[in-house]
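sequence? don't have it. structure:
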């Protein structure tokens, strides 16, 4: 069974950028004659807003996008994440870490390495061989050990839109966090466990998440999960040239009228390079016909390179 998913964080309503990811993942699943599921990534509870999940599902419904399975909430899945962590601990592939973010950045600076904007400092493995008397704060995946077992630190995969990709995880990221110092689960662990549990075969998401793929590949291997097929979509940028996101003030979609619904989903389709179907006089079109037309267009473009 082909199965795709859309996994928003309920920290606010959908904006133009998140609708692009939702539409692309829906079109991909339907073009492959598969299912499309929605998952609420609410593992970071303090950032989530009460009622946001319901609002997101309503927004998706207005755009003709309905989950084919029961909506999953990460906040209900702590036991499964704990089991995955202990599986890695039992394999000696996870260890406790006492380092603060400031200490890691200082260690990187001492090695003459600069910190790129919007990037986390590469973890140098300080606690890999013990806590040195400090209290544990977080848990990390032992990239070096798993890379030695698999024979390489390099992860190679083919993105269905971007083509061949490669990342040396040890050099680019280092041992990455599985469970945070505040007790919350990391995105990397939660998404890998959930994709496997839901039987997700095709992941379609924004291009800004491409960098996460190699880490998720390593976790999938270490936990014995299959790799989904990946496709990363173009980003919607704000006036400042930055990725449109809730963090930088992206406005919620206006879906208050049939016309604004058509405008929003046509804009998302245009970002994906799909046909303009809106009538020039009023911007309206039949939503079901549009989704069917775009599904066929998507199939011609991408399903030839997918199993």
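Arrived safely. Predicted, not measured: the structure shown is a model, and the values here were computed from it.

going forward, measure contacts and count neighbours with C-alpha atoms only.
Noted.

show me where this protein has strands.
For the chain, applying DSSP state E gives strands covering 3-6, 35-40, 72-73, 94-97, 138-141, 154-159, 163-168, 177-179, 202-206, 229-233.

now the last one: mean pLDDT?
Per-residue confidence for strand 229-233 averages out to 97 on the pLDDT scale.

Packing partners of it?
Of the remaining helices and strands, those touching strand 229-233 by 3 or more C-alpha pairs under 8 Å, 6 or more residues apart in numbering; DSSP states H and E are helix 16-31, strand 154-159, strand 202-206.

mind putting the ones you listed in TSV, distance to residue 263 included?
Conversion of the helices and strands packed on strand 229-233 to TSV gives the following (distance: least, C-alpha to C-alpha, whole Å):
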stretch	distance to residue 263
helix 16-31	11
strand 154-159	29
strand 202-206	20
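
What is the neighbour count of the closest residue to residue 288 other than its chain neighbours?
Counting by C-alpha to C-alpha, 6 or more residues apart in numbering, the nearest residue to residue 288 once its immediate chain neighbours are dropped is residue 64, at 7.3 Å. Per other C-alpha atoms under 10 Å, the neighbour tally for residue 64 reads 15.

Likewise for residue 291?
As a burial measure, the neighbour count of residue 291 was computed by other C-alpha under 10 Å and equals 20.

Also residue 100?
Burial measure for residue 100: 12 neighbouring residues, criterion other C-alpha under 10 Å.

now swap in residue 76 and tell me
Using other C-alpha under 10 Å, residue 76 is surrounded by 10 other residues.

Next: residue 276.
14.

Start at 22, not 1
Renumbered: residue one is now 22, and that last one reads residue 297.

Phi and psi next, for it.
Backbone geometry at residue 297, expressed as degrees, to the nearest 10, gives phi -90, psi 120.

what's it in contact with, if anything?
Listed by C-alpha atoms under 8 Å, 6 or more residues apart in numbering, the contact partners of residue 297 are 287, 290-291.

And it, how far from residue 318?
Relative to residue 318, residue 297 is positioned 12 Å away (C-alpha to C-alpha, to the nearest Å).

For these two, list the residues in contact with both.
Between them, residue 297 and residue 318 share no contacting residue under C-alpha under 8 Å, 6+ apart.

Could I get the full set of helices for the chain?
Using DSSP state H, the helices found in the chain span residues 37-52, 73-83, 99-111, 122-131, 164-171, 190-193, 208-218, 234-244, 279-292, 308-323.

How far away from the center of its chain is the second one?
It refers to helix 73-83. The chain centroid and the centroid of helix 73-83 are separated by 19 Å, computed with C-alpha atoms, centre = their mean, to the nearest Å.

now swap in the third one and tell me
Using C-alpha atoms, centre = their mean, the distance from the centre of helix 99-111 to the centre of the chain it belongs to is 20 Å.

before we move on, what about stretch 62-76?
In this view, stretch 62-76 has its centroid 16 Å away from the chain centroid, taken as C-alpha atoms, centre = their mean.

And the contacts of that stretch?
Looking at stretch 62-76 with C-alpha under 8 Å, 6+ apart, the contacting residues turn out to be 28-34, 61, 94-96, 205-206, 208, 211.

let's see it at 7 Å
Counting contacts by C-alpha atoms under 7 Å, 6 or more residues apart in numbering, the residues outside stretch 62-76 that touch it are 28-34, 61, 94-96, 205-206.

Just the terminal-to-terminal distance for it.
First residue to last in stretch 62-76 (C-alpha to C-alpha) measures 14 Å.

Right, I'll call it a day here.
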